[in-house]
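>>> sequence and predicted model, in that order:
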Amino acid sequence: MANLNSLPLYERIQRKNGVKRVVEVIILFLLLSLLIYRLLFLKDHGLTWLLALLCESWFAFNWVLIINNKWNPVEYKTYPDHLLQRVTELPSVDIFVTTADPVLEPPIITINTVLSLLAADYPAYKLACYVSDDGCSPLTFYSLVEATKFAKLWVPFCKKYNIQVRAPFRYFSTDSLTSSDNSNWEFHQEWKRMKDEYELLCHKIEDASQKSRPCDFTGEFVEFSNVERKNHPAIIKVVWENKEGLPNGVPHLVYISREKQHKHPHNSKAGAMNVLTRVSGLMTNAPYMLNVDCDMFVNNPKVVLHAMCLLLDSNSEKEIAFAQFPQVFYDGLKDDPYGNQFVIMFEYMMRGISGIQGCLYLGTGCFHRRKIIYGLSPSHIVESINGKLAYEKTLQEFGSSKELIKSAVLALKGNTNPSNCLWNSIQASYQIASCKYEYGTGWGTKLGWRYGSTTEDSDTGVMIHTRGWRSVYCTPDPPAFLGCAPSGGPTAMSQQKRWATGFLQILFSKNCPIFGTLFGKLQQRQSLVYLWLVFLGLRPVPELCYAALPAYCIISDSFFLPKVHELAFSILVALFVIYNLYTLSEYLKTGQSVRAWWNNQRMARITAMNAWFFGFLSCMLKLLGVLETVFEVTKKDQSSDASNDDDAGRFTFDDSPIFVPGTTILLLHLTALVVSLLKLQPPAHGGHGSGLAEVLCSVLWLLCYWPFLKGLFGKGKHGIPISTICKSAALALLFWHLCRKTTMG
Ligand SMILES: O=c1ccn([C@@H]2O[C@H](COP(=O)(O)OP(=O)(O)O[C@H]3O[C@H](CO)[C@@H](O)[C@H](O)[C@H]3O)[C@@H](O)[C@H]2O)c(=O)[nH]1
Ligand SMILES: [Mn+2]
């Protein structure tokens, strides 16, 4: 028999991508040729030419960054079976679930996530689940209490029959009975019972949510009487404690609603994560922490084992900070109409980035080492191996709680703390969940999740990589977690807006990836990865200019693209064809449709010009001190009703100004095409008017904005509101006027 210790826990496999690289370089070469052509003829042309040159330079630069991201794709294969044979004692893991709003994030979604986590294939006494509720909702708490009762049946059932999907709503939505061993009478009975019990649970929660007060504010619920969501003392409840420490029981479950006061910034999700980190530090102090958004349920019960394969390997202790799983979505709309299922992004971009310093931290589905969240660097590890704990001098950064400092020392030394009684730490927990606790401490700057960006995940990731850590990307089959992708134009746009704002906040902060390379240990290529990410926030500027150019040229009868007979025109055509075939091939290779490819192409344009533009504005206003940025929570739908709806993929709008730029661009191109069809242009200077290229470009923009075109005539949520159309028309008129003025002048 092979030596057990020689069995690998994971393998890192370099993926072959020779052909892709060649195509990528060809595209780069074509882009550079175009730029050279622009430069050569710059002096013969005016402002439009220069503008085109600047935009194209930006796109070319972006392409270089993308090539860097994708150049060295790797795959991590994990072997949980080897782990179970090799390791006698698995480490404990604290699990964090965040929720913030019982309306946008219905508690039934949150409890399904919690149930799936409690039932994971891992010794129950090694897990503890902490739910942070920024909504301070009695309904969420009530749902958790009820879910715990159900969990006592559900968890043993899942483990006994080795159920694959352990989020009950998902398990019972498929025909799980016929697909399992039907002849097993006992299973049949238990299955029925589970289904009935789950339905009962759903009814209870549904009933409670219909009432103005979900429950009587007595007993456990007393603290919820009279709470204001944004102004209330901390509420911490041990919902369930696995006192007997049974391996197949239900893991600990703790509810936390941190203190909030109007005048104290709460730092959104990052703030919630830091409270979770501290409270769990006191209660269970596990060396590993898994965090998920409330909608991301466990889809692969072995997920913790997969992560441990990567984190427990003897070498990884000294270099790997976290193990990230991709975000995969369930019941996604057909052909990805909102371009937010990110299949390509996870398949090519993330794998490529994994080949550099490591995958980005994506905010959910990630296992962190506690001591690294506590600020440890790789060099500290070496020092602590040599006997001294280099960290002691900075312990005051943890704040004034003696209990917390004590637990932090243990965590930093790598001592796993056997769980004592959770109730013992309740008092101290209230102290560290108060909103004043962090003043004068390192939380949010040196410790924990970083404050200052609405994408706290990327920000915290930059910080960790800047300290010199690496990270790994784990893609087991079936996917580890599944969540909801926003459906609907407004939700999709507001999510993207928040991301763009957050990226720019990183760019303009001390945590900027450029500083990370200059002064820290962020590898150069990883720095380029982060630049690619944060520069997405600047993208709306060249994107909007480039979209306006063809309309401008047609209306004022000038040109910005090469004429058909020129060599440069063929460069342009080649670039267009090769680039699109390249992206299309990625979609086909990942089993997606041509339609999905097209939807993603056009949504990339729509997102950049609308959502990211507003993200850009909101960051600029924040920098000028005019406006505070807020973390707008994404609405989550559980039901798959949307996908049965005929109109499911049809773009929806609301009266948000976010749709104004897009509507304006659409109106401009409509005008331009009418102008060109009816030959209404003013006479061009010396016969150099707009040509075929500009018209084709304009048609292309129209195609990209097809959902908006339909929106002009649509009704209800499928229609663009009149007010938005008026604002856009006014802007388009202004633009027209300017075009005409420059041609006259
Ligand atoms: O004040 C807040 C705001 C949000 N959340 C929670 O944060 C999570 C993420 O929010 P969501 O609205 O779902 O954001 P998404 O756009 O879906 O999330 C992506 O982007 C976020 C950063 O913008 C990351 O935090 C997420 O992990 C990542 O999935 C949810 O569980 C929320 O309940 C809080 O706990 N407190
Ligand atoms: Mn989410």
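Structure's in. What do you need? What you are looking at is a predicted structure, and each value in this text was computed from that prediction instead of being measured. Ligands and ions are numbered 1, 2, ... in the order given.
>>> rest of the way, CA atoms for contacts and neighbours
Will do.
>>> so who does the most centrally placed residue in the chain touch?
With the centre of the chain defined as its mean C-alpha position, the nearest residue by CA atoms, centre = their mean is residue 362, 5.2 Å away. With contacts defined as CA atoms under 8 Å, 6 or more residues apart in numbering, residue 362 is in contact with 324, 457-458.
>>> so, low pLDDT: which residues of this structure?
Along the chain, segments meeting pLDDT under 70 span 1-4, 175-183, 382-393, 416-420, 638-646, 683-687, 744-745.
>>> all strands for it, in order.
Per DSSP state E, the chain has strands spanning 10-14, 74-78, 93-99, 127-133, 235-240, 252-257, 288-293, 297-298, 320-324, 328-329, 366-369, 470-473, 481-483. These are given in chain order.
>>> would you mind finding the most buried of the ones you listed?
For these, ranked by mean neighbour count under the definition mean count of other CA atoms under 10 Å, the leader is strand 297-298 at a mean of 28.
>>> quick check, that one touching ligand 1?
No - using CA under 6 Å from any ligand atom, we find that strand 297-298 stays clear of ligand 1, coming within 11.4 Å at best.
>>> so what touches that strand?
Surrounding strand 297-298, the residues in contact under the criterion CA under 8 Å, 6+ apart are 112-114, 116-117, 120, 165-167, 480-483.
>>> what do you get if the cut-off is 10 Å, keeping everything else the same?
Contacting residues not belonging to strand 297-298 are listed as 97, 109-120, 164-167, 170, 292, 304, 365, 479-484 [CA atoms under 10 Å, 6 or more residues apart in numbering].
>>> list the beta-bridge partners for the residue in the stretch 1-150 of the chain positioned nearest to ligand 1.
The stretch 1-150 of the chain approaches ligand 1 most closely through residue 99 (3.1 Å), counting by CA to the nearest ligand atom. The residues paired with residue 99 through beta bridges, assigned by DSSP bridges, are residue 133.
>>> so who does it touch?
With contact taken as CA under 10 Å, 6+ apart, residue 99 is in contact with 105-107, 109-110, 131-137, 140, 257, 269, 272, 292-295, 633.
>>> same thing with residue 307?
So, once contact is read as CA under 10 Å, 6+ apart, residue 307 ends up touching 10, 78-80, 288, 290, 322-325, 366-368, 472-476, 480.
>>> next one: residue 517
For residue 517, the residues meeting the contact criterion (CA under 10 Å, 6+ apart) are 465-466, 523-528.
>>> circling back to that earlier point, can you flag which of the contacts of strand 297-298 belong to helices?
Cross-referencing these with the helices (criterion: DSSP state H) gives 109-118, 170, 304 as the overlap.
>>> closest point of the stretch 351-500 of the chain to ligand 1, which residue?
Of the residues in the stretch 351-500 of the chain, the one nearest ligand 1 is residue 363, at a distance of 3.2 Å by CA to the nearest ligand atom.
>>> quick check: that residue touching residue 324?
Yes - Residue 363 lies in contact with residue 324 (CA atoms under 10 Å); the separation is 9.0 Å.
>>> what does the stretch 251-400 of the chain put close to ligand 1?
Counting by CA under 6 Å from any ligand atom, the residues of the stretch 251-400 of the chain close to ligand 1 are 268-269, 272, 293-294, 362-364.
>>> residue 411 against residue 286, yeah?
Yes - the pair formed by residue 411 and residue 286 meets the contact definition of CA under 10 Å, at 7.8 Å.
>>> among those two, which residue is more densely surrounded?
In this view residue 411 and residue 286 are compared by other CA atoms under 10 Å, and residue 286 has more residues nearby, 28 against 22.
>>> my guess is that one meets residue 369, correct?
Yes - between residue 286 and residue 369 there is a contact under CA under 10 Å: 9.0 Å.
>>> need the residues touching each of those two.
Jointly contacting residue 286 and residue 369 under the rule CA under 10 Å, 6+ apart are 93, 411, 414.
>>> show me which residues of the stretch 51-200 of the chain sit near ligand 1.
Proximity of the stretch 51-200 of the chain to ligand 1, by CA under 6 Å from any ligand atom, involves residues 98-100, 134.
>>> hmm, try it at 5 Å
The stretch 51-200 of the chain comes close to ligand 1 at residues 98-100, as judged by CA under 5 Å from any ligand atom.
>>> of those, which is the nearest to residue 431?
Sorting these by how near they are to residue 431, with CA to CA, puts residue 98 at the top with 20.0 Å.
>>> excluding chain neighbours, give the residue nearest to that closest one in space.
residue 132 (4.8 Å; CA to CA, 6 or more residues apart in numbering).
>>> equivalent analysis for residue 548, please.
residue 665 (6.8 Å).
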